[in-house]
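Q: need a structure here:
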Amino acid sequence: MDHEARIRAHFAASAELKAASGPQLAPAIARAAEAMTACLFADGRILACGNGGSAADAQHFAAEMVGRFERERPELPAIALTVDSSILTAIANDYAFDQVFAKQVRALGRKGDVLLAFSTSGNSANVIAAIDAAHEREMRVVALTGRGGGRIGEMIGDGDVHVCVPHERTAHVQEVHLAVLHCLCDAIDRTLLGDE
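A: The predicted model follows:
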C-alpha cells in the first residue's frame, strides 16, 4: 500500500475543495461574521455546539474568542456547550441525548445571542434541538453543515446564516469548517480592531 500517494491525494482533494468553496461560501461567511460581531457589540454571547470533530470545532472557536486569535484584544464571550461532562451526562441520562445542547441553550441563551451550530451531515438530532431552542430564545443561528445541509438547512430562518460545504466526505467538510472558523475569527477581530 502506498501511503504517500494517498496522503498526497488527500492534500490535493482538500486544497481543491477549499479553493472551490472559498468564492461560493464567502458571502455567507461574511454575513455570519457580521451577525456575530453585532451580537458581541450588543453585549451578547456566542454559544457553540457540535458532535465529535464538530465538538472540537465548537471548543476551538470558543478558545479563539475567549483567548485570542492572531492579535491581542479583550476577551470575547463565547461558550462551547460540549465541555461540561456533568451537564452533558445528567441531561443525557435524565432526559435524552437529543437535549444535551438544547437545555443549555435555554439556560444560557438570551435574545440577540448567536448559536454557532456545527453538523457535517446537517442531521444531528441534538444540534437540531439546539437550533429549535435558539429560535425559541430569539437567538440568531449560524449553521455550518456539509452535503446538502440536511434538516438543518431546512430550519434556517431569515435572520440566520447557513454555511454549507458542498461535499459528501466528512473529513473534507470538517477541513473546510476549520477554515471557515478561522475566517470568522479574522473578520471579528478586523471589525473590532481594524486592519493591521
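
Q: every contact and neighbour count from this point should use C-alpha atoms.
A: OK.

Q: so where's the longest helix in this structure?
A: The longest helix of the chain (DSSP state H) is helix 3-41.

Q: show me where the chain has helices.
A: Using DSSP H, helices in the chain cover 3-41, 53-66, 85-94, 102-108, 125-136, 150-155, 170-193.

Q: low-confidence ranges in this protein?
A: The chain contains residues with pLDDT under 70 at 1.

Q: G67: neighbour count?
A: 17 (other C-alpha atoms under 10 Å).

Q: that one and V114, how far apart?
A: 19 Å (C-alpha to C-alpha, to the nearest Å).

Q: E4 too?
A: For E4 relative to V114 (C-alpha to C-alpha), the value is 42 Å.

Q: more neighbours: the two, which one.
A: V114 (29 against 9).

Q: what count of nearby residues applies to R71?
A: For R71, using other C-alpha under 10 Å, the count is 12.

Q: now it. Nearest residue, chain neighbours left out?
A: D189 (7.7 Å; C-alpha to C-alpha, 6 or more residues apart in numbering).

Q: count residues in the vicinity of that neighbour, would you?
A: 22.

Q: hang on, the earlier thing: nearest to I79, out of the helices of the chain?
A: Set against I79 and scored by C-alpha to C-alpha, the helices of the chain come closest in helix 53-66, at 5.7 Å.

Q: using PDB, list the CA coordinates for the closest one.
A: What follows is helix 53-66, C-alpha atoms only, in PDB (Å, rounded to 0.1, in the frame of the first residue of the first chain):
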ATOM      1  CA  GLY A  53     -14.900  16.500  15.400                       C
ATOM      2  CA  SER A  54     -17.500  19.200  15.300                       C
ATOM      3  CA  ALA A  55     -17.500  19.400  19.100                       C
ATOM      4  CA  ALA A  56     -13.800  20.100  18.800                       C
ATOM      5  CA  ASP A  57     -14.500  22.900  16.300                       C
ATOM      6  CA  ALA A  58     -17.000  24.400  18.800                       C
ATOM      7  CA  GLN A  59     -14.400  24.300  21.500                       C
ATOM      8  CA  HIS A  60     -11.700  25.700  19.100                       C
ATOM      9  CA  PHE A  61     -14.000  28.600  18.300                       C
ATOM     10  CA  ALA A  62     -14.700  29.400  21.900                       C
ATOM     11  CA  ALA A  63     -11.000  29.200  22.700                       C
ATOM     12  CA  GLU A  64     -10.100  31.700  19.900                       C
ATOM     13  CA  MET A  65     -12.800  34.100  21.200                       C
ATOM     14  CA  VAL A  66     -12.100  33.900  25.000                       C
END
